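*Asks:* Build me a model:
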Amino acid sequence: MSSKDWLEKDFYAVLGVSKSASADEIKKSYRKLARDLHPDRNPDNREAEEKFKAASEAYDVLSDDKKRKEYDEMRSLFGSGAFRRGARSGGGQFDPSDLFGGFTGGTGAGSAGDRRFGGAGFSDIFSSIFSGGGPTGGPARRGPQRGRDVETEVTLDFAQAVRGTTLPLTLRSPGACDTCHGSGAKPGTQPRTCPQCQGSGLTSRNQGSFSFSEPCRECQGSGSIVDQKCPECRGTGGVTKTRTINVRFPAGVSDGQRIRLSGRGEPGERNGAAGDLYVQVNVRPDELFGRSGDDLTLTVPVSIAEAVLGTDLRVPTLDSPVTLRVPAGTPSGRKLRARGKGVARKDGKSGDLIVTVEVQVPDGVTGEARDALERFAKLTPPVGRDRLEARLRRAG
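*Replies:* As a prediction, the model looks like this:
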């Protein structure tokens, strides 16, 4: 696919968001698409795989504020006709096809995002238009290209998130071909240096008063030509691989948190560094415990008698049970604290377990229990109603 085609893609439409969408809206839409279209959920589904790649490509640009601004500006320029055929610059005719004619994207693994422009970002293309090439006006040799970041999700049990755990994570993502070791050439052969660009991957040409440095059309900017392609990767040097890595989730990881694993994303090109792996953590709710920061929360029902007379309350924790003293006259909603029974902190200490006492009123009290309650009511004045009674007396 040519870079002109790549530029004309509507990334906002690919992700199903408006041009004014916020970063959170873009991220939410991408994650939903990534979950629905991920190759693990759609094995051998070519259409889903292509849509997954398109969504990743769109997110790669729109999630980066700088890239998104440059993308919007460039599309605005071309949409306004600033570079249409016949526009003059320095007395010469300028045709956008002259700009994009040589920018053909690589076909190797990870050839998305800025690599559609032969490794150059939008800023580099503007620079080549108005400065005539690299920083010194001449073609710059293409250097190592960092691999793309990879994002995935994992769901942890509540206890796993609080205590921390290590889990194996299986991923499907591009990687170097094991048969040709990423060269793209058939075993026993080697790529040869491109005679057109002498291995630089770039050629220069003039257009009116402009001078352009662009990826070589002969080798598509790689600097080398593969005459006998590897039968495994068909000359691309990359294949989709399944790999399993062990990921350590620290104690206290929270729902929605992203964990970054440096260098565990897609491999780079031309000995470039690998991208990073980002793991989105989802935590299943617990049937008993809640969480507030580093504290665990628990609601425990007690009877009226226990609240009035006081009692020792045995409650569970994520480790062993503890006993808390409920003082006599405890009202419903009072909070008791079991120190150190919450979520582990980075400093080695732990939060607390906060127990909320909830006084339960029994239904259908009869017989001796009802008689006892009636006697209790006669002997006990209304509690906490002094101001209410005073207002009623004034009103009457």
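*Asks:* Can you show me the helices along the stretch 151-300 of the chain?
*Replies:* All helices of the stretch 151-300 of the chain, identified by DSSP state H, counting those that start in this stretch, fall at 158-163.
*Asks:* Can you list the low-confidence ranges for it?
*Replies:* Scanning the stretch 151-300 of the chain for pLDDT under 70 picks out the ranges 206-212, 269-271.
*Asks:* All the strands of it, in order from the start?
*Replies:* With strands called from DSSP state E, counting those that start in this stretch, the stretch 151-300 of the chain shows them at 165-176, 192-193, 202-207, 210-215, 224-225, 238-249, 258-261, 277-283, 290-292, 295-302.
*Asks:* Would you format these as TSV with distance to K9 included?
*Replies:* For glycine as for every other residue, the C-beta is placed from the backbone atoms N, C-alpha and C. What follows is the strands of the stretch 151-300 of the chain, written out as TSV (distance: least, Cβ to Cβ, whole Å):
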stretch	distance to K9
strand 165-176	20
strand 192-193	33
strand 202-207	24
strand 210-215	19
strand 224-225	28
strand 238-249	22
strand 258-261	27
strand 277-283	24
strand 290-292	42
strand 295-302	48
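*Asks:* Deepest-packed of those strands, please.
*Replies:* Highest mean neighbour count of the strands of the stretch 151-300 of the chain: strand 210-215, a mean of 22 (counted as mean count of other Cβ atoms under 10 Å).
*Asks:* distance of E358 from R264?
*Replies:* 46 Å (Cβ to Cβ, to the nearest Å).
*Asks:* Comparing these two, which residue is more hemmed in?
*Replies:* In this view E358 and R264 are compared by other Cβ atoms under 10 Å, and R264 has more residues nearby, 21 against 13.
*Asks:* from memory the more buried one sits against R243, does it?
*Replies:* No. When contacts are counted by Cβ atoms under 8 Å, R264 is not listed as touching R243 (9.2 Å).
*Asks:* per-residue pLDDT, K28?
*Replies:* Model confidence at K28, given as pLDDT, is 89.
*Asks:* quick one: secondary structure of it?
*Replies:* helix (DSSP: H, G, I helix; E, B strand; the rest coil).
*Asks:* That one and D64, how far apart?
*Replies:* Distance from K28 to D64, counting by Cβ to Cβ: 17 Å.
*Asks:* repeat for R248
*Replies:* 28 Å.
*Asks:* cool, D72 as well?
*Replies:* 12 Å.
*Asks:* Contacts only, for P327.
*Replies:* Contact partners of P327, counting by Cβ atoms under 8 Å, 6 or more residues apart in numbering, are G310.
*Asks:* Could I get the phi/psi values of it?
*Replies:* With angles defined as degrees, to the nearest 10, P327 sits at phi -70, psi 150.
*Asks:* same thing with the one 4 residues further on?
*Replies:* Torsion angles at P331 (phi, psi; degrees, to the nearest 10) stand at phi -80, psi 160.
*Asks:* In contact with it, which residues are there?
*Replies:* Listed by Cβ under 8 Å, 6+ apart, the contact set of P331 reads A307, V357, V359.
*Asks:* Now, of these, which are buried?
*Replies:* Buried subset of the contacts of P331 (neighbour count, 16 or more other Cβ atoms under 10 Å): A307, V357, V359.
*Asks:* Inside strands: which ones of those residues?
*Replies:* Judged by DSSP state E, the subset of those located in strands is V357, V359.
*Asks:* and the buried ones among the contacts of P331 as TSV, adding pLDDT and distance to V383?
*Replies:* What follows is the buried ones among the contacts of P331, written out as TSV (pLDDT from 0 to 100; distance: Cβ to Cβ, whole Å):
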residue	pLDDT	distance to V383
A307	92	12
V357	95	16
V359	93	12
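*Asks:* Specify which member of the buried ones among the contacts of P331 is nearest to D36.
*Replies:* When those are compared for distance to D36 (Cβ to Cβ), V357 wins out at 44.9 Å.
*Asks:* Please name the bridge partners of the closest one.
*Replies:* The bridge-partner assignment for V357, based on DSSP bridges, gives V300.
*Asks:* so who does it touch?
*Replies:* Counting by Cβ under 8 Å, 6+ apart, V357 makes contact with V300, V302, A307, L313, V326, T330, P331, S332, G333, R334, K335, L336.
*Asks:* any idea how far L309 is from it?
*Replies:* Taken as Cβ to Cβ, the span from V357 to L309 is 13 Å.
*Asks:* now swap in P215 and tell me
*Replies:* Using Cβ to Cβ, P215 is found at 84 Å from L309.
*Asks:* dump the residue contacts of the residue positioned nearest the centre of the chain.
*Replies:* The centre of the chain sits closest to E151, judged by Cα atoms, centre = their mean, with a distance of 5.2 Å. Neighbour list for E151: R31, A34, L277, Y278, V279, Q280 [criterion: Cβ under 8 Å, 6+ apart].
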